Each structure stands twice: as structure tokens, then as C-alpha cells.
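*Asks:* no sequence on this one, just coordinates:
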């Protein structure tokens with residue numbers, strides 16, 4: 001890093017040229033932005049600049065500061081926040097810890113401390129659109145980055161606004177304002193305030209719990225899956241073991257070998273089920289044929305012991321593709 005900075009200093013006409021050369025270096029070399037960078041050893045700056053070349057804002061800010069200092073330019077790392085989200089329910093900005101950012105200030109003669117952000121050369125979307133837009137595919141985002149949209153996101157913003165109003169108009173103000181607020185709300189005593197807040201919280205928590213239960217309910221199986229489960233369950237009741245991990249082809253071959261008189265029906269069931277599940281040109285006729293074939297499947301009970309693995313209808317439909 002020191003050798004690179006000295007070369008920039010020898011080639012540059014002034015401090016401003018060195019700073020621009022440093023920014024061009026980050027823009028032209030194959031650096032990448034990620035919140036899961038490789039671990040660095042003792043020579044962390046050299047290893048980051050010339051080996052791993054993957055990191056987040058603090059990596060780029062610290063490395064850029066080292067380079068500038070090595071080129072005899074005063075430099076310092078600055079930390080703060082970049083970004084946030086407006087809450088329309090309360091008309092204020094939500095700034096989270098995930099909006100934290102690091103950049104650099106360099107001292108230029110005649111200009112003073114000048115802000116420089118090397119991260120913007122590697123991931124300009126981090127500066128312009130926020131952290132979530134800068135992360136590569138598969139890189140998990142910290143909680144609160146995406147914020148959420150739709151009904152859940154709207155409820156989250158309104159809940160945050162309620163907390164903000166409570167902090168602003170009750171907790172952060174003195175007795176006089178608190179008394180005025182209660183009078184405006186026709187709440188003459190703290191007992192009524194507590195009762196009103198408790199009732200409100202109970203209603204909100206109940207509504208939120210109902211929403212979460214509604215969203216987490218299992219989806220009903222599609223018609224093809226229900227038909228396939230019926231087929232496997234009938235075979236299991238007749239004595240043919242039906243492990244959940246067994247794929248359609250393998251199970252159909254075993255069923256056809258067990259009931260040769262039903263082989264044509266079993267083949268029809270499997271063919272139409274696979275076409276509906278994995279084919280590109282399935283039609284309504286395939287579903288009709290699958291249902292009819294399943295109704296025609298009437299296996300005779302296998303000789304010997306009673307079936308030991310009559311799988312439940314809900315589990316028998318699972319299979320490896």
C-alpha cells in the first residue's frame with residue numbers, strides 16, 4: 001500500500017491529483033461490495049487491496065485513509081449515517097443502525113477538510129439508493145434494511161409512528177403538557193390513560209396476532225397433489241409401504257409390480273401427474289384423466305401382515321422429484 005501511494009505521489013501534480021488517482025483505483029480494479037467479506041490477517045490493508053478486494057464501507061474508508069496518509073495527505077475516517085426511510089404515518093425519518101456508513105475526509109490546501117467516499121466508486125447504488133440495493137444476490141441483509149411493503153409494512157410504520165408520538169407527546173414532555181394532552185383526549189386521570197392504552201394495545205396485538213396466524217396458515221394442496229396423495233394412500237392401506245422420500249417413478253414401478261392388473265391405471269396416474277407437476281404443456285384434460293384414473297385404482301390387500309407404513313395422507317404426497 002505504501003509503495004502504491006508513493007507511486008501516485010511521484011506521478012501526481014498535487015494532492016488533488018493523488019485523491020483522484022485513489023478513487024480511480026477503486027473504480028477500475030475488481031473490488032466488490034459485501035457484508036460478508038473474507039477474514040483478514042495482520043496485514044489487513046495490503047490483503048484487502050491486493051488479494052480479497054471484497055468488503056463494505058469501513059474496509060474502503062480505512063484503506064483509502066491509509067493510502068492518502070502514505071502519500072503525505074492528512075486523512076481521517078468519518079462514521080455516521082447514510083439513508084433512512086420516511087414514515088408517512090408520522091412525517092418523520094426512520095434511521096436505523098443498518099444505515100450506518102463510513103467515509104473519508106482529506107485535508108487539501110486551500111480547501112480544508114474535503115469529504116471523499118471511496119465506497120461510491122465500488123457500489124454507487126449504496127450511496128444513491130441504500131444498503132439493500134448494493135448487496136449482491138445471496139448476501140443476507142440486516143434486519144430492517146428492506147423495511148417491508150404491503151399490509152405488514154404499513155402496520156409496522158404505523159406502529160413506529162405510535163411509539164414516536166407517545167415518546168414525543170407524553171414521555172418527553174413535562175406534567176403541564178401531559179395534563180393538557182389528557183384533557184384534550186377527555187382522559188381526566190392517569191388511570192383512564194392506562195386503561196385506554198391497555199385496551200388499544202390489546203386490540204393492536206390481537207389484530208397483529210390474527211394477521212400473523214392468517215399469513216402463516218398452511219396452503220391447501222393443489223388438485224394434482226391431492227389426487228396423487230389419494231393414490232399413494234390407497235396403496236399404503238393395501239399394504240404397499242409409501243415412504244415420503246420416494247419419487248413418483250420408483251413408487252409407480254413398485255405398485256405396478258405388486259398389482260399387475262392395475263398396471264395400466266398406475267401408469268396413467270403417474271404420467272398425468274408428472275405432466276401436470278413438471279410438464280410445460282399440461283392441460284385441463286390431464287387433471288380430468290388423473291382424477292378418473294385415481295378413482296379406478298382399487299388395489300387388493302397384500303398378503304401377509306397388516307400394512308406397517310400406511311402413511312398419513314398429508315405426508316404421503318411429499319417426494320423427491
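*Replies:* Arrived safely, thanks for sending. All of these numbers come straight from a predicted model, not from anything done at the bench. Residues are numbered from 1 along each chain as shown.

*Asks:* buried set for the one helix or strand residue 233 maps to?
*Replies:* Secondary structure assigned from DSSP states H and E places residue 233 in helix 223-237. Neighbour-count burial for helix 223-237, with 16 or more other Cβ atoms under 10 Å as criterion, is recorded at 224, 227, 228, 229, 230, 231, 232, 233, 234, 235, 236. From N, CA and C alone the C-beta is placed, and that goes for glycine too.

*Asks:* output the contacting helices and strands for whichever strand or helix holds residue 276.
*Replies:* Element membership for residue 276 (DSSP H and E) is helix 263-278. Where contact means 3 or more Cβ pairs under 8 Å, 6 or more residues apart in numbering; DSSP states H and E, helix 263-278 is packed against helix 223-237, helix 248-258, helix 284-296.

*Asks:* let's have the ones you listed in JSON lines, adding distance to residue 45 and mean pLDDT.
*Replies:* Compiled in JSON lines, the helices and strands packed on helix 263-278 are given as follows (distance: least, Cβ to Cβ, whole Å; pLDDT from 0 to 100):
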{"stretch": "helix 223-237", "distance to residue 45": "56", "mean pLDDT": "90"}
{"stretch": "helix 248-258", "distance to residue 45": "57", "mean pLDDT": "92"}
{"stretch": "helix 284-296", "distance to residue 45": "62", "mean pLDDT": "91"}
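
*Asks:* ends of stretch 31-39, how far apart?
*Replies:* End-to-end span of stretch 31-39 (Cα to Cα, to the nearest Å): 16 Å.

*Asks:* quick one: mean pLDDT for that stretch?
*Replies:* Taken as a whole, stretch 31-39 has a mean pLDDT of 89.

*Asks:* show me which residues of it are buried.
*Replies:* Within stretch 31-39, the residues scored as buried using 16+ other Cβ under 10 Å are 31, 33, 34, 35, 37.

*Asks:* and stretch 11-28, by the same measure?
*Replies:* Quick answer for stretch 11-28 (16+ other Cβ under 10 Å): 12, 15, 16, 18, 19, 21, 22, 23, 25, 26.

*Asks:* can you name the residues that contact the last one?
*Replies:* I take that to be residue 26. Applying Cβ atoms under 8 Å, 6 or more residues apart in numbering to residue 26 gives the contacts 60, 64, 118, 121, 122.

*Asks:* that's a strand at it, yeah?
*Replies:* No - counting by DSSP: H, G, I helix; E, B strand; the rest coil, residue 26 falls outside a strand, being helix.

*Asks:* quick one: the closest residue to it other than its chain neighbours and residue 97, what's the gap?
*Replies:* Ranked by Cβ to Cβ, 6 or more residues apart in numbering and with sequence neighbours excluded, the top spatial neighbour of residue 26 is residue 121, at 4.2 Å. Distance of residue 121 to residue 97, given as Cβ to Cβ, to the nearest Å: 24 Å.

*Asks:* next: residue 25.
*Replies:* Computed with Cβ to Cβ, the distance linking residue 25 and residue 97 is 30 Å.

*Asks:* now do residue 72
*Replies:* Going from residue 72 to residue 97 by Cβ to Cβ gives 35 Å.

*Asks:* before we move on, what about residue 113?
*Replies:* For residue 113, the distance to residue 97 equals 26 Å [Cβ to Cβ].

*Asks:* those two: which is more packed in?
*Replies:* Ranked by neighbour count (other Cβ atoms under 10 Å), residue 113 and residue 97 place residue 113 first, with 14 against 9.

*Asks:* give the closest residue to that one in space, chain neighbours not counted.
*Replies:* Once flanking residues are discounted, residue 113 sits nearest to residue 105: 4.5 Å by Cβ to Cβ, 6+ apart.

*Asks:* hey, what's the one you found bridged with?
*Replies:* Beta bridges link residue 105 to residue 76, residue 115 when assigned by DSSP bridges.

*Asks:* is it in contact with residue 115, as I believe?
*Replies:* Yes - the criterion here is Cβ atoms under 8 Å, and residue 105 meets it with residue 115 at 5.6 Å.

*Asks:* mutual contacts of these two, please.
*Replies:* Counting by Cβ under 8 Å, 6+ apart, the shared contacts of residue 105 and residue 115 are residue 78.
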